[in-house]
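S.K.: Show me how the following folds:
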Amino acid sequence: MRKPFIAGNWKMNMGLKETASFFKELTALQANASGKVDAVICPPTVSLNAACSNSPASLRVKLGAQNVHYEDNGAYTGEVSTTMLKEVECEFAIVGHSERRQFFGETDAVINRKVIKCLADGIIPIVCVGELLDERKEGVHFDVVKLQVSDVLKDLTAQQVSGLVIAYEPVWAIGTGETASPEQAQEMHAFIRKELVGLFGDKTAGQIRLLYGGSMKPSNAEELLKKEDVDGGLIGGASLSPDSFTELITIAETISA
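M.R.: Numbering: from 1, shown residues only. As a prediction, this is how the structure comes out:
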């Protein structure tokens, strides 16, 4: 059985003081955490050091970045390297988020280079894929996601990808008024798993955890997490509160028990 995975993406929220306060409160809430769920928080880059400084060794919640570059250093204004991330104890990095694609023009080729760099340097990528509303309405959503999966994991071996995480973002269901049902989430997750089988074989495909990134929150988490191929969530707004983030971890623990 795959270990549940709850990842919080703060996006452009939470400065230094808010981050320090969040982690102090989270540490108290997670004092008796079972460790049956892998939990990660991904603050803005400027807040990573505050998160690291306020995360005691006892806290089972790990740190991730929201972005990473594929070069070690150089003239890349505004970017951050894997080496820099490791200095603030980041173990994960979100790669290819839909907002990075939409607002910053990231392509599958660029995302592929980031995935390769992360894996080479010991950072576990949380690789995002997903279709837009128009693509869902046109009935090409499976084609879109199939191409994304194959392109962002290009030139990687089964051994390399076995530990990475894939997050499915139904972009059409985020802030559009549309709703993705647990059945639709499971349908796409099962499809992604099938594509992974074709690319890397049954064993590796069975090891890769698939997260749902379509506005998971405490009110809908249980129904989603009970689906066979939904191994966790990439959480947005609900990860900004220590209470709701802890509640999501607890729900995942209960389901996996």
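S.K.: Residue 239 and residue 216: what is the separation?
M.R.: 10 Å (CB to CB, to the nearest Å). C-betas here are computed from N, CA, C, even on glycine.
S.K.: quick one: common contacting residues for the two?
M.R.: residue 248 (CB atoms under 8 Å, 6 or more residues apart in numbering).
S.K.: Centre of the chain to the worst-scoring helix or strand of the chain on mean pLDDT, how far?
M.R.: When each helix and strand of the chain is scored by mean pLDDT, DSSP states H and E, helix 133-137 comes last, with a mean of 92. Helix 133-137 sits 22 Å away from the centroid of its parent chain (CA atoms, centre = their mean, to the nearest Å).
S.K.: just stretch 134-147 next, same as before
M.R.: 21 Å.
S.K.: Mind listing what's buried along it?
M.R.: 135-136, 141-142, 144-146 (16 or more other CB atoms under 10 Å).
S.K.: And the furthest pair within these?
M.R.: 136 and 146 (14.1 Å; CB to CB).
S.K.: re earlier: go through the buried residues of stretch 134-147 and say which is closest to residue 68.
M.R.: residue 145 (22.3 Å).
S.K.: Surely that closest one is in contact with residue 191?
M.R.: Yes: contact criterion CB atoms under 8 Å: residue 145 and residue 191 qualify, at 6.9 Å.
S.K.: For this structure, which segments are assigned as helices?
M.R.: Under the criterion DSSP state H, the chain contains helices at 16-29, 48-53, 82-87, 98-104, 108-120, 133-137, 141-152, 158-161, 182-200, 202-207, 218-225, 242-256.
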